[in-house]
Structure formats: structure tokens, C-alpha cells
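Novice: only geometry, no sequence info:
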């Protein structure tokens, strides 16, 4: 899944956005979904602002503008001084990293490089009153992604493009050389001497240790050391295999550990792999959960993992007026009257309900045997869910 704010400085930008939206956070999940699903157009970044079109339910895109306070000349002098003081600061930026020492040194000089909650000012041509609306939030998340990829984005938004910033730093260093520093910023001489020593012609580079690589397949559980009845032994072996597979995926960075799951949530995950198997009821009995309830949990997990399970258990978001209108228009394609209650859009005649998850996606629930079940994966557009049900449902 596409993520935003994967670096510490990108996360600071996201924190500023979420801090601004603290009084009305419901637009943020929809904004993330819009950013992930390509509803936002190309970002136009310039000193002090970002502009981008974002497509909602209408044919024409809404126009989003983010404004960020630019630094004063005095603040830029502090930035040039900090970056020129140590060669490693600018070198890290060129390598795609923002040294925390830069931010700390600027803070001592009274300059906050990373914006706070009040310094990101969004505006959008949509009618939504929220601050930020989901269209502005989408652009903010995409800016965080750009910052993750290139920390120079932060300096551009503060008022200086990359080349102008580097030219000013070079000029500051040249001034230091004329003042008798020999071309090196204070404190950088040992670093330059080390670089000359390591990179001297004819001197072999030190051999680097081979990186540790995870195995190419999950480990196999050891046989049980003590006798158990066959039914319990099979369950224990399956749990051991599951733990080995999760550890393998975690080592390769392809899955979360799942350590944050509660007992019921982990039961839903395990039960999802047993749907349709003859030992499902046996597993439910061992877990001390009624089979019909565990089946509901398992179906939800298979549809959308933890997010879907939370939606099934009632953790729906309150949609905006625009989102509600969009969902009502989708469910109105079916016979029967739709109602809205506690953020849930229900067509009782069709036995369907739409809920908006914390991830900004819509979930379709179907009434079976007097209870709501969640069977299908979520979607950003509720019309896709209704169209899929109309084609495949009863």
C-alpha cells in the first residue's frame, strides 16, 4: 500500500497536517484514499505554495492550493550558515537524507525548518467547509511523499529551490576559505583528511562485511517433543507454521508482524485461512467462539483484514455531506428507499448497507440471517461496490 511520511521529516509534515485537522479528522482518511487512488493531479511546487487539481464526484477537478510561510532573509542566513558549517549536512541532502543535526542547529538559532500545524494553510474550490477538506488532505499527503523522496522539497516550500540553496552554501564556504579556513568549514578538516586518506590512489578500500540476508523460505517447525492427542497436535503444528511464515515475511519486509492484534482479531486472521475447511467448527470450538460469529469475523478479515474487521464491529467514520450524497446515489440504483443513520447508508429492502472505514474506503455489508456480514473488498467509489453486488449478488 502506498504510504506517506516514511521518513522522519516527511512524518513531521504529516503530523502538522493532522494537528491542523485535530478538530475535524474525518477528512484525513478520505484524503489518503484520494492520494493513493490517483485522484490528485500533478503537483505544482513553488516557493511558499503547492497547487494541484483533485477529482471528486464531479467531472471537473477541484483546485487545491497549499500556502506555507517562507523564510525571511535573516532566517535564510541562518540556514546557509548551518549547511556551510559542516560538509556532511549538504552531502546528506544530496544523498536524499535530512540530518537531524540541521534541524536542531536551526532551532537553536530560532528557525523552525519543519512547519507546525498553523503554517500549512490549505484552500480548495470545493464546497466542503472542513479544514482541511479531503481534496486538500490528498495534496498534503502527496507533498509528504515528495518530501520523503527529496528533502530539498522542504527548502523549496520555505522559499529557496535546490540550486539556489546550494549556490548560496558554496558562496558561504568560499567566504570562509578567504577568511583563512583553507576552504574547509570549521570542524570539517578531520572529515576531509579521512576522505583523502581512504580515497588515495592505489590504496585499497577496506573490505565491507557481507550483509545478513534472511533465508529464502520459512523455517519448518520442530516435531513435538511430548505426546499430544492428534487433534491438538495438528493445531499446534499449524500455529507453529503460521508463526514461522509470519517471521519470514517480516524478515523480508513484506508483511506486518501482527503483534498489535488483539486476541479476537488474531482469531479472525487465523480463521480466514480455515474458511471452507472441514475443521473450521473444530477450530471455533477450541477458540471458545461460536462458529457463526467466527465465520463473520473470518469473512471480514478475508475481505479487508483489520480495517474491515473494525468496520464490521461498528467503527465506521462519519462521512461528509458530499460522501453521503455519493453513497446515496450509488445505493439508489437498487429498489427500495435508502436511509442514513449514524453515518451508515442502508437499503433495508435490498439488505445492503454502506459504511465508510477509517482508511477512507467504502465497505458493503449484506444482511444474512438477521446479521450484517462483510464479504467483498472495499472500494474508494461506492458505485463500484453496488455494481459488483448487483452483478453477483442474489
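Specialist: All right, it came through fine. Remember, it's a predicted structure, so these values are computed and weren't measured experimentally.

Novice: what bridges to residue 65?
Specialist: residue 51, residue 123 (DSSP bridges).

Novice: what's the spacing between it and residue 121?
Specialist: Taking C-beta to C-beta, to the nearest Å as the criterion, residue 65 is separated from residue 121 by 9 Å. For glycine as for every other residue, the C-beta is placed from the backbone atoms N, C-alpha and C.

Novice: cool, and residue 29?
Specialist: Between residue 29 and residue 121 the distance, using C-beta to C-beta, works out to 22 Å.

Novice: more neighbours: these two, which one.
Specialist: For residue 29 and residue 121, the more surrounded residue by other C-beta atoms under 10 Å is residue 29, and the numbers stand at 19 against 16.

Novice: show the model's pLDDT score for residue 185.
Specialist: We note a pLDDT of 44 for residue 185 in this prediction.

Novice: then residue 155?
Specialist: Looking at residue 155, its pLDDT stands at 94.

Novice: quick one: contacts for it?
Specialist: Residue 155 makes contact with 79, 161-162, 165 under the criterion C-beta atoms under 8 Å, 6 or more residues apart in numbering.

Novice: ok so it is a strand residue?
Specialist: No. Assessed by DSSP: H, G, I helix; E, B strand; the rest coil, residue 155 does not belong to a strand; its assignment is helix.

Novice: for it, give its distance to residue 106.
Specialist: Using C-beta to C-beta, we find residue 155 at a distance of 11 Å from residue 106.

Novice: between these two, which contacts overlap?
Specialist: Taking C-beta under 8 Å, 6+ apart as the criterion, residue 155 and residue 106 both touch residue 79.

Novice: was I right about residue 142 contacting residue 54?
Specialist: No. Using C-beta atoms under 8 Å, residue 142 and residue 54 do not qualify as a contacting pair, with a distance of 9.6 Å.

Novice: between the two, what contacts are shared?
Specialist: Contacts common to residue 142 and residue 54, judged by C-beta under 8 Å, 6+ apart, are residue 40.

Novice: and the nearest residue to residue 351 once chain neighbours are set aside, how many neighbours?
Specialist: Ranked by C-beta to C-beta, 6 or more residues apart in numbering and with sequence neighbours excluded, the top spatial neighbour of residue 351 is residue 367, at 4.0 Å. Residue 367 is flanked by 15 other residues according to other C-beta under 10 Å.

Novice: which SSE is residue 367 in?
Specialist: Element membership for residue 367 (DSSP states H and E) is strand 362-368.

Novice: can you confirm residue 389 is in a helix?
Specialist: Yes. Secondary structure of residue 389, determined by three-state DSSP: located in a helix.

Novice: after the helix or strand of the chain with the lowest mean pLDDT, which helix or strand is next?
Specialist: Of the helices and strands making up the chain, the lowest-confidence element is helix 189-198, at a mean of 52, by mean pLDDT, DSSP states H and E. The element immediately downstream of helix 189-198 (helix or strand, assigned by DSSP H and E) is helix 230-251.

Novice: what average pLDDT does that following helix get?
Specialist: Mean pLDDT, computed over helix 230-251, is 79.

Novice: please identify the buried residues of it?
Specialist: Of the residues in helix 230-251, 235, 238, 242, 246, 248-249 count as buried by neighbour count, 16 or more other C-beta atoms under 10 Å.

Novice: now render those residues as CSV, adding distance to residue 33.
Specialist: As requested, these are arranged in CSV below (distance: C-beta to C-beta, whole Å):
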residue, distance to residue 33
235, 38
238, 35
242, 30
246, 27
248, 30
249, 25
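
Novice: could you single out the nearest of the residues you listed to residue 116?
Specialist: Within the buried residues of helix 230-251, the smallest distance to residue 116 is 37.5 Å, found for residue 249 (C-beta to C-beta).
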